[in-house]
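Q: can't give you the sequence, but here's the structure:
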């Protein structure tokens, strides 16, 4: 195999989580933006916008690694909320039914060691003293009620797989932040351990997200990004978002654009009317296809761009397959940043798709000789895209004789 090697990013040997980015939701007049946050400067970059009416705020957000989606709580009123999912590849937003039966909820967190979703719910107004555990389809698994003095605006997990709570506008005890001990147990079994004290907060803290690569807990303070020290006793400001208010945070997968140019050798620059080729692509890891898709073209030069999630990790094979062209493969290493693979030539002549240009391909072209397309017969015997099988197609197959799939 004559595979080319492209490193799309170095793999951290100790990294067990996918590579990703810190995201947040930010309001604008008439809707909300999804922003990507620079953890060095604090600057927020708008990556998608959602014109929305009837939503007062987004309270909390998490990344559901099982379903590969961001989940965010949309607050409609002091007594009503609903859940939305955001696809990190195309940023499309859809609503998600929640089967806990509660009309109002705030804090949400994906528990990656159990593949469950923790949700703080209640009857309102602006009050959530119940913790419900759902599966990743948001069907209820279990839950408990804490008591009349408890509120849970924000749920998050830390690097020790502990479920935590934060609420800076309702006094509970010595700290607004707590570790919820035995959070997955039944009613009455959970206890709260305070972390830090009230002195480090200014009541602008909306949401917390753990960054597994940096091993750091980030906090959005409305207009600025901050982080906890390892003991949870101080908050350090990083920088302002650059204008927008950010009311929820999550660390999730981000798309990486892989782009380049494909050239279908020995085909017309512009195919005859009605002639096209579908270029199938796949990212394979052993016997597993991690991602796949297709591009339809009527030209021999194809500008190619695909967004891949950075949850795809490690050594992979990128494969192209189309028409009478032989398969071409590249070695890639994921995750990585957006990357161009340059120009890739797909060799021609495999009219029967056997993986080798041989006598059977010459016979296939001869048996289809004189056919015009669109029409009956093997369209891939028209190896040059003129719309007719003629002597030029035989010449191309002979010239490519002996070539094989990559």
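A: The structure has been received and is ready for your questions. All figures in this text were calculated on a predicted structure; none of them were measured in a lab.

Q: Residue ranges in the stretch 301-406 of the chain under the pLDDT threshold?
A: Within the stretch 301-406 of the chain, the ranges that satisfy pLDDT under 70 run 335-339.

Q: how about the strands of it, start to end?
A: Along the stretch 301-406 of the chain, the stretches classed as strands by DSSP state E, counting those that start in this stretch are 301-309, 314-321, 328-334, 339-346.

Q: Any idea how far the shortest one is from the middle of the chain?
A: How far strand 328-334 lies from its chain's middle: 20 Å, per C-alpha atoms, centre = their mean, to the nearest Å.

Q: can you pull the buried residues of it?
A: Neighbour counts over strand 328-334 (16 or more other C-beta atoms under 10 Å) mark 328, 329, 330, 332, 333, 334 as buried. C-beta: built from backbone N, CA, C; applies to glycine.

Q: In the protein, where is pLDDT below threshold?
A: 1-19, 100-101, 148, 186-188, 335-339.

Q: okay if I get the buried residues of strand 328-334 as CSV plus distance to residue 190?
A: As requested, the buried residues of strand 328-334 are arranged in CSV below (distance: C-beta to C-beta, whole Å):
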residue, distance to residue 190
328, 56
329, 52
330, 51
332, 45
333, 43
334, 39
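
Q: on that earlier part again, out of the strands of the stretch 301-406 of the chain, deepest packed?
A: Of these, the one with the most neighbours on average (mean count of other C-beta atoms under 10 Å) is strand 328-334, at a mean of 20.

Q: What pairs with that strand, parallel or antiparallel?
A: Strand 328-334 has the following strand partners under DSSP bridges: strand 4-7 (parallel), strand 314-321 (antiparallel).

Q: want to throw the strands of the stretch 301-406 of the chain into TSV with distance to residue 220?
A: Formatted as TSV, these follow (distance: least, C-beta to C-beta, whole Å):
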stretch	distance to residue 220
strand 301-309	24
strand 314-321	32
strand 328-334	29
strand 339-346	30
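
Q: and the gap between the closest residue to residue 293 other than its chain neighbours and residue 255?
A: Nearest residue to residue 293, sequence neighbours excluded (C-beta to C-beta, 6 or more residues apart in numbering): residue 281, at 5.8 Å. Distance, residue 281 to residue 255, using C-beta to C-beta, to the nearest Å: 16 Å.

Q: same question, residue 93
A: Counting by C-beta to C-beta, the gap from residue 93 to residue 255 is 15 Å.

Q: Quick check: bridge partners of residue 307?
A: Bridge pairing for residue 307 - DSSP bridges - gives residue 257.

Q: where's it relative to residue 57, distance?
A: 29 Å.

Q: tally of neighbours for residue 129?
A: Using other C-beta atoms under 10 Å, residue 129 is surrounded by 18 other residues.

Q: per-domain residue ranges of the chain.
A: 21-252, 255-399 (automatic domain parsing).

Q: Compare those domains and give me the one nearest residue 406.
A: domain 255-399 (4.4 Å; C-beta to C-beta).

Q: Distance from the chain centre to the closest one, please.
A: Distance, centroid of domain 255-399 to centroid of chain: 27 Å (C-alpha atoms, centre = their mean).

Q: shift numbering so it begins at 56
A: Noted, 56 is the first residue going forward, which turns the last one into domain 310-454.

Q: re the thing from before, is it possible to get TSV of the domains of the chain that adds distance to residue 460?
A: Below are those laid out as TSV (distance: least, C-beta to C-beta, whole Å):
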stretch	distance to residue 460
domain 76-307	29
domain 310-454	4
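
Q: Which residue ranges of this structure form helices?
A: Under the criterion DSSP state H, helices of the chain are mapped to 414-422, 446-454.

Q: And stretch 89-102, what's buried?
A: 89, 90, 91, 92, 93, 94, 97, 98, 99.

Q: ugh, wrong one, I meant stretch 150-163
A: Result for stretch 150-163 [16+ other C-beta under 10 Å]: buried residues 151, 153, 155, 157, 158, 159, 160, 161, 162, 163.

Q: Pull up the gap between the last one and residue 448, please.
A: So the one you mean is residue 163. In terms of C-beta to C-beta, residue 163 sits 59 Å off from residue 448.

Q: center of the chain, which residue is that?
A: residue 143 (3.7 Å; C-alpha atoms, centre = their mean).

Q: just the buried residues of stretch 150-163 now: which is nearest residue 77?
A: Out of the buried residues of stretch 150-163, the member with the shortest distance to residue 77 (by C-beta to C-beta) is residue 163, at 16.3 Å.

Q: does that closest one have beta-bridge partners, and which?
A: So, taking DSSP bridges as the rule, residue 163 has residue 174 as bridge partners.

Q: Next up, the contacts around it.
A: 115, 116, 117, 126, 127, 128, 138, 172, 173, 174, 175, 210 (C-beta atoms under 8 Å, 6 or more residues apart in numbering).

Q: switch the cut-off to 10 Å
A: Residue 163 is in contact with 114-117, 119, 126-128, 136, 138, 153, 172-176, 189, 209-211, 262, 303, 305, counting by C-beta atoms under 10 Å, 6 or more residues apart in numbering.

Q: got it, and residue 319?
A: So residue 319 contacts 326, 332, 334, 352, 354-357, 375, 377-380, 400-403, 438-440 (C-beta under 10 Å, 6+ apart).

Q: Could you count how many residues lie near the residue nearest to it when sequence neighbours are not counted?
A: Once flanking residues are discounted, residue 319 sits nearest to residue 355: 4.5 Å by C-beta to C-beta, 6+ apart. Residue 355 has 20 neighbours, counted by other C-beta under 10 Å.

Q: give the contact list for residue 453.
A: Counting by C-beta under 10 Å, 6+ apart, the residues that residue 453 touches are 404, 412, 416, 417, 420.

Q: what's near enough to touch the nearest residue to the second one once chain neighbours are set aside?
A: Meaning residue 412. Computed as C-beta to C-beta, 6+ apart, the closest residue to residue 412 that is not its neighbour in sequence is residue 404, at 3.9 Å. Going by C-beta under 10 Å, 6+ apart, residue 404 touches 320-321, 379-381, 411-413, 416-417, 420, 438, 448, 451-458.

Q: And for residue 115?
A: Residue 115 touches 80, 126-128, 130, 136, 160-164, 174-175, 207-211, 221, 261-264, 302-305, counting by C-beta under 10 Å, 6+ apart.
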